[in-house]
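In: Starting from these lines, generate the structure:
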Amino acid sequence: MRSGKKGLLLLQALLEAPTQALSKTALMEAAWSDAVVEESNLTVQIAAMRKLLGPQPDGGAWIATVPRTGYRFAGSVRVLDSAADGELPSQPTSLPERPSIAVLPFANVSGDREQAYLADGITEDIITALTRFRWFRVIGRGSSFVYKDKPVDSKQVARELGVRYVLEGSVRRSGHHIRVSTQLVDAASANQIWAERYEMELTEAFAVQDAIAERVAGAIEPELLKTESLPAAARSSGNATAWDLVRQGTWHFHHVGQQTHLSARKLFREACRLDPELAEAHLWLGRVSAGIVAYGWSDKLAQDIREGLDAALKAIRLDEKNPYSHYALAICSIYANAPEQAILAAERVIEISPSFALGHLVLGMGQFFRGSASEAIAPLEHGLMLNPHDPQNFVWFNVLALAYLFAGQTNEALAAAVKARKIAPAWRPTQETLACCYVSLGRLPEAESCVELMRDMENPAGDALAPLRLRNPHWADEIAHLLLECGRAAPN
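Out: Sure, this is the predicted structure:
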């Protein structure tokens, strides 16, 4: 019987930590770092390795099971000193450092045991939704549900399952009303990272489960991304791995600014050079390239967006099931003036991960830039509902406001523009959109006030709407006309 590559990777991980219990998560990271698989795959590989190795002289197994944790190598390990032969000892191979999360069974606090099915169903749906994000690992249902109806704390779960984060929650039903409370905890410190409460009318159990799972997964993923990038950005990059560079780059990326975006691009480029097979490096290079072009921070528009498109396509070839890869292609396609391609890529994002907010947002942008204002509204609203706290939401709210405006829903347009201003009050395009909304509602003094504020702001190099104006000159003319109607021309 042959062990195969996965079995050898598992054996290597066990031998590098003799006598230590390795969690199932750590072992799965060692053998399947680039894929999401069920724990049954680990069980099959361990059984195959035991059969191949045979029993120890005392009859025991070389690979021992550690209840509720994982496995350990039970024999003795002797490291040969190759340096004695004039060779430098090889560096130990470290396990991948991708984050992991366990979703504990949500507590049924309804006072009715028959409602336990609802809490379990929501937990299972959240686990399924989170597994579609491929940059972090989600512990399978079998391991998570070991803790059902048991008093445990996050540190215990972290120790036993080898995870970095724990998602906890509760479900309360009263008549046809359901309330779900959730919190994301850093398991090592027991600090709360994120918490939210959802309330819905229970008209059909499965529909509610899907809706809650979609919202929770959509909100948690960007919180994990922000948390994971923070420590990486503070470390020295002297011996940084490609994955470290990606995490540092995401930290710079989310601090939206010209220098931070350019710094992020540099880090992503270096990550691509260090590890050409790391899909995350390429997809983030695609994302930041689109941002640099969109915000007008590019000196070579065609070259930069071409780099972004190439990086996104490479990411898709490396990891076709990663929603971020297709999102990178979609957002780059927008600024390559190819909204039709953007729509197709966005639809693929949503097929892979329905709870991925950016997929819905870029679908709405693609529809709007293509000239379909009314069709853009629903996906933009849905994306903003899934992820209401993204630092770049001022762009999406501004796009939504314009989509409402050109669809003839001026009050809704004004509400969206006000939300954009709350996030980024000094961004001139939002003041322009507000002015147009006020003019359309006949509120000329407020429109004039917006134009005055625009005059006091620095001229932007770009407003993320260039492809929209190129494809829809009649809308550009309408904006100019609305601004003139308030008695003042838009500042140059």
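In: drop to CA atoms for contacts and neighbour counts, all remaining ones
Out: OK.
In: Now do Val44 against Cys450, distance only.
Out: As defined by CA to CA, to the nearest Å, Val44 lies at a distance of 65 Å from Cys450.
In: between the two, which one's more packed in?
Out: Cys450 (20 against 11; other CA atoms under 10 Å).
In: Leu301 contacts Val293, correct?
Out: Yes. Counting by CA atoms under 8 Å, Val293 is a contact partner of Leu301 at 6.2 Å.
In: Touching, Arg469 and Trp475? I think so.
Out: Yes. Look at Arg469 against Trp475 with CA under 8 Å: they come within range, at 6.9 Å.
In: The two: which has the busier surroundings?
Out: Neighbour count, other CA under 10 Å: between Arg469 and Trp475, Trp475 has more, with 16 against 13.
In: Return the helix or strand in this structure with minimum mean pLDDT.
Out: helix 205-234 (a mean of 62; mean pLDDT, DSSP states H and E).
In: Show me what whichever helix or strand comes after that helix is packed up against.
Out: Once helix 205-234 ends, the next helix or strand along the chain (criterion: DSSP states H and E) is helix 242-254. In terms of contacts (3 or more CA pairs under 8 Å, 6 or more residues apart in numbering; DSSP states H and E), helix 242-254 is packed against helix 205-234, helix 258-274, helix 279-294.
In: what about 6 Å?
Out: helix 205-234, helix 258-274 (3 or more CA pairs under 6 Å, 6 or more residues apart in numbering; DSSP states H and E).
In: what's the model's confidence in that helix, averaged?
Out: The average pLDDT within helix 242-254 is 80.
In: now it: how far from the chain's centre is it?
Out: Chain-centre distance of helix 242-254: 13 Å, with CA atoms, centre = their mean, to the nearest Å.
In: Let me know the angle separating it from helix 279-294.
Out: Angle of helix 242-254 versus helix 279-294, following axes from the mean of the first three to the mean of the last three CA atoms, to 10 degrees, is 20 degrees.
In: Just the CA coordinates for helix 242-254, please, in CSV.
Out: C-alpha atoms of helix 242-254 as CSV (Å, rounded to 0.1, in the frame of the first residue of the first chain):
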residue,chain,number,x,y,z
ALA,A,242,4.4,35.5,0.8
TRP,A,243,1.4,35.0,3.1
ASP,A,244,2.8,37.5,5.6
LEU,A,245,3.2,40.1,2.8
VAL,A,246,-0.4,39.6,1.7
ARG,A,247,-1.6,40.2,5.2
GLN,A,248,0.5,43.3,5.5
GLY,A,249,-0.8,44.5,2.2
THR,A,250,-4.4,44.0,3.2
TRP,A,251,-3.8,46.2,6.2
HIS,A,252,-2.5,49.0,4.0
PHE,A,253,-5.3,48.4,1.5
HIS,A,254,-8.1,49.0,4.0
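In: buried stuff in it?
Out: Across helix 242-254, burial judged by 16 or more other CA atoms under 10 Å covers 242-254.
In: now do stretch 437-451
Out: Within stretch 437-451, the residues that count as buried by 16+ other CA under 10 Å are 437-440, 444, 446-448, 450-451.
In: Okay, now it: how far is its last residue from its first?
Out: End-to-end distance (CA to CA), stretch 437-451: 12 Å.
In: going forward can the numbers begin at 45, since that is how I track them
Out: Fine by me, first position is 45 from now on; the one you just mentioned is stretch 481-495.
In: And the average pLDDT for it is what?
Out: For stretch 481-495, the per-residue pLDDT averages 90.
In: Need the residues that contact it.
Out: The contact list for stretch 481-495, computed with CA atoms under 6 Å, 6 or more residues apart in numbering, reads 458, 475, 479, 530.
In: Count the neighbours of the nearest residue to Cys316 once chain neighbours are set aside for me.
Out: Ranked by CA to CA, 6 or more residues apart in numbering and with sequence neighbours excluded, the top spatial neighbour of Cys316 is Ala325, at 5.4 Å. For Ala325, the neighbour count with other CA under 10 Å is 30.
In: One more: the one 3 residues further on?
Out: Other residues within reach of Trp328 by the criterion other CA under 10 Å amount to 31.
In: OK, contacts around it?
Out: Here Trp328 is in contact with no residue (CA under 6 Å, 6+ apart).
In: one more time with 8 Å
Out: 290, 294, 312, 372 (CA atoms under 8 Å, 6 or more residues apart in numbering).
In: Is it correct that the second one is in contact with Ser307?
Out: I take that to be Thr294. No. If you go by CA under 8 Å, Thr294 and Ser307 don't touch, sitting 10.0 Å apart.
In: for Gly415, what are its contacts?
Out: Neighbouring residues of Gly415 by CA under 8 Å, 6+ apart: 512, 515-516.
In: do that again at 10 Å, thanks
Out: Counting by CA atoms under 10 Å, 6 or more residues apart in numbering, Gly415 touches 383, 409, 447, 450, 512, 515-516, 519.
In: from these, which would you call buried?
Out: 383, 409, 447, 450, 512, 515, 519.
In: picking up where we left off before, Serialize the contacts of Gly415 to TSV and add fields for distance to Trp471.
Out: What follows is the contacts of Gly415, written out as TSV (distance: CA to CA, whole Å):
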residue	distance to Trp471
Pro383	24
Met409	19
Ala447	18
Phe450	21
Leu512	18
Arg515	23
Asn516	22
Trp519	20
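In: that's a helix at Pro398, yeah?
Out: No. Pro398 sits outside any helix when classified using DSSP: H, G, I helix; E, B strand; the rest coil, being coil.
In: Since that was my last question, I'll sign off now.
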